[in-house]
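give the three-dimensional model of this entry:
(one chain, ligands or ions: 1)
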Amino acid sequence: MNKLNFLFFSFVLVLFASCTPNVKQSDSNDPSRYVIRTEIPERPAGQKDVLGLVTPKMDTVRVGFIGLGMRGPGAVRRFTFIPGTKIVALCDLHADRVEKTQTILDNAGLPRAAAYSGSEDAWKELCQRDDIDLVYIATDWKHHAEMMIYAMEQGKHVACEVPAAMTLDEIWAIINTAEKTQKHAMQLENCVYDYFELTTLNMAQQGVFGEVLHAEGAYIHNLKEFWDSYEGDWRLQYNKEFRGDVYATHGMGPAAQIMNLHRGDKMNALVAMDTKPVNIPEYMIKERGMDRDSAYQFANGEHTMTMIRTEKEKTIHIQHDVSSPRPYSRMYQVSGTKGFANKYPKEGYALEAEMVDEDVTPDHENLSAHSYVSDEVKEALMAKYKHRIHRELEEKAKEVGGHGGMDFIMDYRLIYCLRNGLPLDMDVYDLAEWCSLGELSRISIEHNSAAVEVPDFTRGGWNKIQGFRHAFKD
Ligand SMILES: NC(=O)c1ccc[n+]([C@@H]2O[C@H](COP(=O)([O-])OP(=O)(O)OC[C@H]3O[C@@H](n4cnc5c(N)ncnc54)[C@H](O)[C@@H]3O)[C@@H](O)[C@H]2O)c1
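As a prediction, the model looks like this:
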């Protein structure tokens, strides 16, 4: 945090401490009361927002990839199945990873790409090429913002793996660069394309749940088997140094879309809490021979929870846990006035009977909304509300794969929108909102779970677009 931020912060904290906690219900959503605020930098003169940004149609999208570790080569492979793309360049610190990825192109019968490796900065040469339209980044978290900003400054659109930014300073710098250059900056959040999430989004958009008031999401995934595989141990080291929800986007993405964030609603404030860390420090002691005192210097809590309240008086609950022996879960729950959806551990819907048409269910006895609808009704609902994206892409997505197909759909949609001059499914403000949980939840936790304002990253434009929608050419 810079000095100005800190002073402002302290001032608000003093106010916070001296206020009487006697808040009327009507005041409780007033974003100016009892919150810690971070600085919202003014939009530079002459710069305009990129809400609904469209850029000229492209027949072929020419792509350069940076970061070919565990995640990157899968993206290169998926692109070999997407029409209207050309894989122009590949970059990684390690030449052997570039070479191994070239074999994906060989196997697909495509020409080899230009190769960049061997230095920390080789990726800059890739960004400087004049025959690339899109830079696709799958490196560690600490490089994301720098690479996105540089690529946009070189006139490229950027797509970046999650989380695309780790601090508020990085987020504002990415927004300012996207606005200045009028380039797309998309975060590669795949979970918004999962079958259950996208079908549920469609149901919500058709009013099946009534008014959606609450959503939940999470990243609960025991990464014990993976820690040793990240290049230079970047992921464990990041968790060691930073408290808060450092990986919020898988939970946030689907929740944010169903809540229409910056498309008619916005997050006002959040509070966060975490448990002490135990399993990772114990792992460091047992597996890495670290002494107990150093191991327990670990910053990131075992379980972190963030609760968010929106302008339209709705709530979102996001969780993070990468070390407990729990089954994988992204939670994903949606609670509306007329219905409810739940993804883990078993997908299900609960609905008021009036929300289900006769063509979907023969048995209204099961629809009291006291329990889940039967499996038959659920299947019928999912068939009826299958999203257009899935209707068009499901078969190909399952063939190509990548987390069951959602990775392919994500890449396909990015290229489809670029080729057709359409707004992307996820814009730079989505990136900002979903990534902001990292630093904002840390600030809350470090101040005894005090409320922290969520900045309006659109700087006044959050209500211009009404309702989240995917764009189609026809
Ligand atoms: N969306 C998902 O489901 C999902 C799944 C896995 C990983 N991810 C994300 O993908 C990203 C990459 O994760 P990973 O598991 O592949 O990590 P990794 O450590 O396996 O790979 C990172 C790669 O980046 C390269 N790299 C680092 N600095 C570089 C530089 N200066 N120039 C060029 N290359 C550089 C490394 O050499 C390495 O090959 C992370 O952001 C992660 O969170 C997302």
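
from Leu414, how far out is Val88?
16 Å (Cβ to Cβ, to the nearest Å). C-beta coordinates here come from the backbone N, C-alpha and C atoms, glycine included.

of those two, who's got more company?
Shown here are Val88 and Leu414; by other Cβ atoms under 10 Å, Leu414 has more neighbours (25 against 19).

quick one: that one and Pro423 touch, right?
No - assessed by Cβ atoms under 8 Å, Leu414 is found out of contact with Pro423, at 11.7 Å.

touching both of the two, which residues are there?
With contacts defined as Cβ atoms under 8 Å, 6 or more residues apart in numbering, no residue is shared by Leu414 and Pro423.

list the contacts for the residue in the stretch 51-200 of the chain that the ligand sits nearest to?
Using Cβ to the nearest ligand atom, the single residue of the stretch 51-200 of the chain nearest to the ligand is Gly69, 2.0 Å away. Contact partners of Gly69, counting by Cβ under 8 Å, 6+ apart, are Asp92, Arg97, Ala138, Thr139, Tyr230, Glu231.

cutoff 10 Å now
Contact partners of Gly69, counting by Cβ atoms under 10 Å, 6 or more residues apart in numbering, are Asp92, Leu93, His94, Arg97, Ala138, Thr139, Asp140, Ser229, Tyr230, Glu231, Trp234.

contact residues of the stretch 301-450 of the chain facing the ligand?
Where the stretch 301-450 of the chain comes near the ligand, counting by Cβ under 6 Å from any ligand atom, the residues are His403.

what do you get if the cut-off is 8 Å, keeping everything else the same?
His403, Asp407 (Cβ under 8 Å from any ligand atom).

which residue ranges form the helices in the stretch 301-450 of the chain?
375-384, 388-400, 406-419, 428-435, 437-446 (DSSP state H, counting those that start in this stretch).

check the stretch 101-250 of the chain too.
122-128, 141-153, 168-181, 195-205, 234-241, 249-258.

Serialize the ones you listed to JSON lines and add fields for mean neighbour count, mean pLDDT and distance to the ligand.
Shown next, in JSON lines, are those (neighbours: other Cβ atoms under 10 Å; pLDDT from 0 to 100; distance: least, Cβ to the nearest ligand atom, whole Å):
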{"stretch": "helix 122-128", "mean neighbour count": "19", "mean pLDDT": "98", "distance to the ligand": "5"}
{"stretch": "helix 141-153", "mean neighbour count": "21", "mean pLDDT": "98", "distance to the ligand": "5"}
{"stretch": "helix 168-181", "mean neighbour count": "21", "mean pLDDT": "98", "distance to the ligand": "13"}
{"stretch": "helix 195-205", "mean neighbour count": "22", "mean pLDDT": "98", "distance to the ligand": "13"}
{"stretch": "helix 234-241", "mean neighbour count": "17", "mean pLDDT": "96", "distance to the ligand": "6"}
{"stretch": "helix 249-258", "mean neighbour count": "28", "mean pLDDT": "98", "distance to the ligand": "7"}
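
who wins for proximity to Ser374 among those helices?
Ranking the helices of the stretch 101-250 of the chain by proximity to Ser374 (Cβ to Cβ) places helix 195-205 first, at 16.6 Å.

narrow the contacts of Gly69 to those that are buried.
When the contacts of Gly69 are checked for burial by 16 or more other Cβ atoms under 10 Å, the buried set is Asp92, Leu93, Arg97, Ala138, Thr139, Asp140, Tyr230.

which of those residues are close to the ligand?
With Cβ under 8 Å from any ligand atom as the criterion, the members of those in contact with the ligand are Asp92, Leu93, Arg97, Ala138, Thr139, Asp140, Tyr230.

buried residues in stretch 101-117?
Thr101, Gln102, Ile104, Leu105, Leu110, Ala113, Ala114, Ala115, Tyr116, Ser117.

as CSV, could you dump the C-alpha coordinates of that stretch?
Extracted in CSV, the C-alpha atoms of stretch 101-117 (Å, rounded to 0.1, in the frame of the first residue of the first chain):
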residue,chain,number,x,y,z
THR,A,101,4.9,-27.7,-27.0
GLN,A,102,6.1,-27.5,-30.6
THR,A,103,5.4,-31.2,-30.9
ILE,A,104,1.7,-30.4,-30.2
LEU,A,105,1.8,-28.3,-33.4
ASP,A,106,3.6,-31.1,-35.2
ASN,A,107,1.0,-33.6,-34.2
ALA,A,108,-1.8,-31.3,-35.4
GLY,A,109,0.0,-30.9,-38.7
LEU,A,110,0.5,-27.2,-38.1
PRO,A,111,3.7,-25.2,-38.8
ARG,A,112,6.1,-24.7,-35.9
ALA,A,113,5.9,-21.4,-34.0
ALA,A,114,8.6,-18.9,-33.4
ALA,A,115,10.4,-19.9,-30.1
TYR,A,116,11.4,-17.6,-27.2
SER,A,117,13.2,-18.8,-24.1
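
ok now that stretch, how far from the chain's centre?
Between the centre of stretch 101-117 and the centre of its chain there are 29 Å (Cα atoms, centre = their mean, to the nearest Å).

how about stretch 438-454?
How far stretch 438-454 lies from its chain's middle: 19 Å, per Cα atoms, centre = their mean.

again, but for stretch 136-152
Centroid separation between stretch 136-152 and its chain, computed with Cα atoms, centre = their mean, is 15 Å.

go on, stretch 284-300?
For stretch 284-300, the distance to the chain centre is 30 Å (Cα atoms, centre = their mean).

and it, what's its mean pLDDT?
For stretch 284-300, mean pLDDT is 96.

please report the number of neighbouring residues for Ala383.
Using other Cβ under 10 Å, Ala383 is surrounded by 10 other residues.

surely it meets Val360?
Yes - using Cβ atoms under 10 Å, Ala383 is in contact with Val360, at 8.7 Å.

output the below-cut-off pLDDT ranges for the stretch 301-450 of the chain.
Under the criterion pLDDT under 70, the flagged ranges of the stretch 301-450 of the chain are 361-369.

quick one, what contacts the closest residue to the ligand within it?
When distances are taken as Cβ to the nearest ligand atom, the stretch 301-450 of the chain reaches nearest to the ligand at His403, 5.9 Å away. Applying Cβ under 10 Å, 6+ apart, we find His403 in contact with Gly74, Asn190, Cys191, Tyr193, Asp194, Ala397, Ile409, Met410.

what of Ala269?
28-31, 33-37, 307-310, 440, 444, 450-454.

so Ala269, which state does it fall into?
Classification of Ala269 using DSSP: H, G, I helix; E, B strand; the rest coil returns strand.

again with Asp59
coil.

does it really touch Arg419, like I thought?
Yes - contact criterion Cβ under 10 Å: Asp59 and Arg419 qualify, at 7.0 Å.

between these two, which one's more packed in?
More neighbours surround Arg419 than the other of Asp59 and Arg419, with 18 against 6 (other Cβ under 10 Å).

just checking, the more buried one touches Val54?
No - the criterion here is Cβ under 10 Å, and Arg419 misses it with Val54 at 11.9 Å.

need the contact list for Cys127.
When contacts are counted by Cβ under 10 Å, 6+ apart, Cys127 touches 64, 66, 89, 91, 116, 135, 147-148, 150-156, 158.
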